[in-house]
Structure formats: C-alpha cells, structure tokens
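*Asks:* Next come a sequence and a model predicted from it.
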Amino acid sequence: MGRIRELAAVLAQTREPFKMRLPNSIALSRSRLAIGSVGKASRREEPLNVVQGRLAQAAQEGRTSDLVQRDLRRTGDAIWDGAAPLAASRPVLTALLAEIERRSARSAVFRVVGAYLTRFSKDLPALDLVASFLRRGVGAHDWLWRKRSEDYALFAPNDGPVKVAAAILGSNELPVRVLSDCGLEQTGDTSNFAEAAFVAACVSVRTSRSAGIEAAQKRLMVWGEKGGAAGEAQLIYPKAWDHLADALFLPWEDREPSDDHKRLLVDFAISVAGDPRLVDPRASLRLKRAAWSSETKRTQTILRRWLIRAAFRQFFDFVDAVAEPLPWAYRRAFWNSYLEANYVSDAWVVFGAHSARLAEDAARSTKDSSLLQFGTVRRGGGRGPRQSALLLRIGTLVIADWSHSGKYNIWDSSNPSSPKFYLKEYDADSLNFAPLSGSHWGPMELRWQHRVADEVFSRTRLRTPEQNWKPRRR
C-alpha cells in the first residue's frame with residue numbers, strides 16, 4: 001500500500017530511533033541464514049510418526065547411542081509435532097538432547113533451533129528444557145547462530161523476544177531486515193518467535209512516555225502490516241491486533257499526538273479493523289480480518305473521541321463555506337462547549353449531496369479516511385443539496401441540528417422515533433419533527449442557546465458555562 005511505502009521512507013530518515021531500556025545489541029553482518037524450511041521433512045525422509053516411535057523407544061530403553069544420525073537429526077521435528085510429541089515426556093526428551101550434545105551434532109541442533117522458533121510459545125511443554133539445551137548447543141559451534149544467541153538472547157524465552165523488539169525499535173533499518181539479522185523471518189517457519197517479538201515491541205511502546213513515540217508507532221505499523229486491497233489493510237500477525245491497537249492509542253490517553261500522526265493512526269486503525277462505531281466484530285471474523293474486541297475498550301474510547309471531534313470539525317468546516325458567518329459561528333461555539341466538556345458521547349455527520357462531494361474530495365486530497373465517515377441525506381424531502389445535519393448524543397438525548405435555516409430537534413434516546421447513528425443514508429424527515437424543535441433565533445443574545453441548554457440540563461443534568469457559547473475573538 002502507498003501508506004506503507006511512505007512510512008518506510010520516513011523510517012529511513014529517522015535519526016533518533018526509539019530506545020527500550022536494554023543493553024545495546026551488537027550489529028550483525030547481513031546474512032541469508034534464516035531457518036527457511038528447517039523442521040520440515042523432505043520427500044526422502046520417513047513419516048515423522050515412525051521416527052518418533054523409534055526415538056522414544058531408544059530413549060526409554062537407554063539406547064540413544066545406537067540411534068542412527070538420520071533419526072537423531074529428526075529430534076527437533078518430533079519435539080512438539082507428530083502423534084506423540086517428545087515434549088510429553090521430559091526424561092525421553094532429556095535423553096535425546098543429551099545424545100545430540102554428546103555427539104556435537106550440528107545438523108540436529110539446527111533442527112531443534114527450527115522447531116523452537118517455529119513453535120515458540122511460553123506455554124509450550126518443556127520449552128525451558130529445549131531453550132537450555134540450545135544455549136549450550138549453538139554455543140558449541142563456530143557459526144552465526146552462536147552470535148545470534150549472544151546478541152539477541154534468542155534461546156532465553158523471557159528475554160529473547162524483548163531483545164529482538166528492542167533491536168527493531170532502536171534501528172533505522174526496515175523491520176524485516178533486522179529480523180533477518182536475528183535469523184528470523186517475518187512470516188513462515190519462524191513467525192511464532194517473530195510474533196512474540198512484535199508483541200513485546202507493542203507492550204514497550206504502549207507504556208512509553210518517550211519523545212520518540214510517534215516514530216516508534218510508525219515502525220510498528222510498518223512491521224505489522226502486509227498490505228491488502230485499497231482501504232482495507234491486512235496484518236502479518238492478526239492475533240496480535242489487540243496489542244498493536246493498544247500500543248498505537250493508549251499512549252495518547254492523556255495527551256494528543258500531532259495532527260498528521262493522529263490522521264495516520266486513525267487511517268491505519270480503520271483500514272485494519274474498521275470504524276469501531278460501524279463494524280460488526282463477528283463479520284470481521286468471518287472475513288478473517290482484525291476485529292475490535294472487549295479487550296481494547298480503552299483504545300476504542302480514544303479512537304471514538306478522535307472520530308467525534310473529526311465529525312465536529314468536518315461538519316462545521318464544510319458548512320462554514322456556504323453558511324452565514326456570524327450566526328454559524330455562534331452555533332459552532334455552543335455545540336463545541338459540550339464537546340470540550342466531554343458531554344458528547346456520539347456524533348455523526350449527515351451531509352447533503354454538495355457537502356458530501358466536498359468531503360470525498362477532501363478525503364482523497366488529504367488521504368484522511370476519517371473524512372469518509374459520514375451519512376448522506378436521501379435526495380428529495382424538501383432539503384437542498386447544501387443542507388446538512390449534525391447528529392449528537394448528549395447524555396440520554398439525541399439531537400439533530402440542521403445547517404442554514406434548519407431547526408434543532410431533540411429526542412429522548414428511548415423514543416422509538418429518535419434517529420439511529422451511523423447510517424449511510426437518511427430520509428430528511430427522520431431528522432426532523434422531534435418532540436422539541438426550534439429555530440436558531442437570537443443567536444447573539446444567546447436566546448436559542450438558553451432554551452436548548454435548559455432542556456439539556458433538565459433531562460441530563462449537564463450544562464456548560466454561558467461564556468463558552470460565544471465565538472472567541474480573533
């Protein structure tokens with residue numbers, strides 16, 4: 001996707017990489033020595049279940065020294081795979097690993113490396129036993145895996161993913177290149193360990209207060225996305241979406257990113273998992289795309305807050321271009337007072353045809369997908385193409401405020417006729433004829449504002465200061 005190329009270019013120019021608080025790693029020379037197809041049987045090899053039986057029997061009978069090298073080399077394949085994984089019996093696995101170590105069989109160690117990286121999970125049985133063996137086993141040979149073990153602690157299950165994460169976050173290289181230095185592939189056979197490193201990076205960024213947080217989040221997006229159809233990105237590690245979403249948004253719970261970075265985060269999140277206000281998580285799962293879950297409620301709250309503010313800006317900015325300046329400035333100030341007080345829990349713009357075209361043009365020119373999140377007024381219904389409505393939820397009230405000479409309309413949310421949020425198309429009548437409605441008369445004297453504010457307060461106990469209802473002097 002174009003966004004990924006742009007982010008990659010930014011990463012290449014970043015001079016102050018994000019740093020986790022860990023010892024500096026020693027840079028490795030470029031190497032193609034990734035696992036590749038390690039752990040997979042070739043066409044000439046016997047079925048794994050057959051070899052697995054011989055390995056287990058030899059270990060149980062104390063005959064590991066009688067095993068042929070071809071069978072011993074398959075130990076790595078058989079640890080967690082096959083009908084009877086060797087990891088189910090620590091004595092059996094211990095005996096076989098000891099025999100590999102006694103023979104100093106590098107090819108057999110290599111297979112175990114492949115199994116460890118391929119199946120990596122801290123919940124794996126006997127992972128500690130295999131990791132301890134590999135720290136000794138790779139160190140017994142003069143090869144690149146010994147260097148990788150020393151530099152990145154690959155075979156220390158608690159430390160390895162964290163060190164690889166630190167190397168990627170602290171580098172100006174593309175993540176895939178750093179993974180290659182670590183002996184890992186971004187996808188394929190070694191992706192389990194790479195995914196664990198990705199999650200570790202997300203945890204680090206999520207809790208960071210570093211000035212380099214925006215650059216670190218860009219690295220996570222480049223690392224985690226593999227592209228997809230226009231407007232719909234796919235993740236390399238879809239199971240890690242909750243971690244990634246939290247890493248991108250939770251650092252902004254009590255502060256704000258730059259406007260450009262905010263647009264990037266919103267665009268990325270919507271392209272990956274959809275707008276959380278609109279998308280059905282079950283549908284996302286059926287489509288095999290990342291889904292919003294209850295585990296990311298705090299993150300969704302932040303994203304919703306940004307989208308609500310974007311809806312406000314979008315509505316008032318576009319209508320500003322065609323409405324009378326002074327009355328409209330008072331309207332903007334009044335509703336903005338509720339927004340700034342965090343009383344607006346939902347906001348949705350419903351554009352007329354003219355404003356909808358402006359919004360689509362702006363979205364294309366700015367590459368801001370939040371500008372495409374709006375509904376439209378169905379043609380007809382006595383509304384002109386320039387008239388639009390702002391739909392708000394304040395406490396238990398639903399409010400539709402029409403632009404130009406249109407009226408404000410207030411329903412209780414329990415009223416069956418109250419408008420629904422986040423539809424793509426509305427009949428104009430569905431946003432009119434509320435139990436309470438009125439014209440915006442006397443804006444400079446704050447007449448309509450007092451009437452609406454009193455109604456909101458009587459129904460919700462929410463009120464904003466009167467001085468905030470007036471436009472700020474420029």
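*Replies:* Looks like it came in fine. Numbers count the residues shown, from 1 in each chain.

*Asks:* in terms of contact, does A240 touch A201 like I think?
*Replies:* No: between A240 and A201 there is no contact under C-beta atoms under 8 Å: 9.8 Å. All C-beta spots, glycine's among them, are computed from the backbone N, C-alpha and C.

*Asks:* neighbour-wise, which of those two wins?
*Replies:* Applying other C-beta atoms under 10 Å to A240 and A201 shows that A201 carries more neighbours, namely 30 against 20.

*Asks:* Retrieve the pLDDT associated with that one.
*Replies:* In this model, A201 is scored at 97, pLDDT.

*Asks:* for S405, same thing?
*Replies:* On pLDDT, S405 comes in at 84.

*Asks:* so what's A87 up against?
*Replies:* Applying C-beta atoms under 8 Å, 6 or more residues apart in numbering, we find A87 in contact with 79-80, 93, 124-126, 130.

*Asks:* so it sits in a strand?
*Replies:* No: per DSSP: H, G, I helix; E, B strand; the rest coil, A87 lies outside any strand segment and is helix.

*Asks:* pLDDT value on it, please?
*Replies:* So A87 comes in at 97 (pLDDT).

*Asks:* What separation do you get for it and A59?
*Replies:* As judged by C-beta to C-beta, to the nearest Å, A87 and A59 stand 12 Å apart.

*Asks:* repeat for S370
*Replies:* 60 Å.

*Asks:* What of Y408?
*Replies:* To A59, Y408 is 80 Å away according to C-beta to C-beta.

*Asks:* Please apply the same query to D81.
*Replies:* Per C-beta to C-beta, D81 is found 17 Å from A59.

*Asks:* which of those two has more neighbours?
*Replies:* A direct count of neighbours by other C-beta under 10 Å for D81 and A59 places A59 higher, at 23 against 18.

*Asks:* where does that one land in three-state SS?
*Replies:* Taking three-state DSSP, the label given to A59 is helix.

*Asks:* so it makes contact with V92?
*Replies:* Yes: using C-beta under 8 Å, A59 is in contact with V92, at 4.2 Å.

*Asks:* Quick one: end-to-end length of stretch 203-213, please.
*Replies:* Stretch 203-213 has an end-to-end distance of 13 Å (C-alpha to C-alpha, to the nearest Å).

*Asks:* typo on my end, stretch 432-451
*Replies:* Start-to-end span of stretch 432-451 (C-alpha to C-alpha) is 18 Å.

*Asks:* for it, which positions count as buried?
*Replies:* By neighbour count, with 16 or more other C-beta atoms under 10 Å as the criterion, the buried positions of stretch 432-451 are 432, 434, 440, 443, 448-449.

*Asks:* do the same with stretch 403-417
*Replies:* Quick answer for stretch 403-417 (16+ other C-beta under 10 Å): 403-404, 406-411.

*Asks:* Tell me the first helix or strand C-terminal of the lengthiest strand in the chain.
*Replies:* Across the chain, the longest stretch assigned as strand under DSSP state E is strand 344-351. Per DSSP states H and E, the first helix or strand lying C-terminal to strand 344-351 is helix 353-366.

*Asks:* Cheers, nothing more for now.
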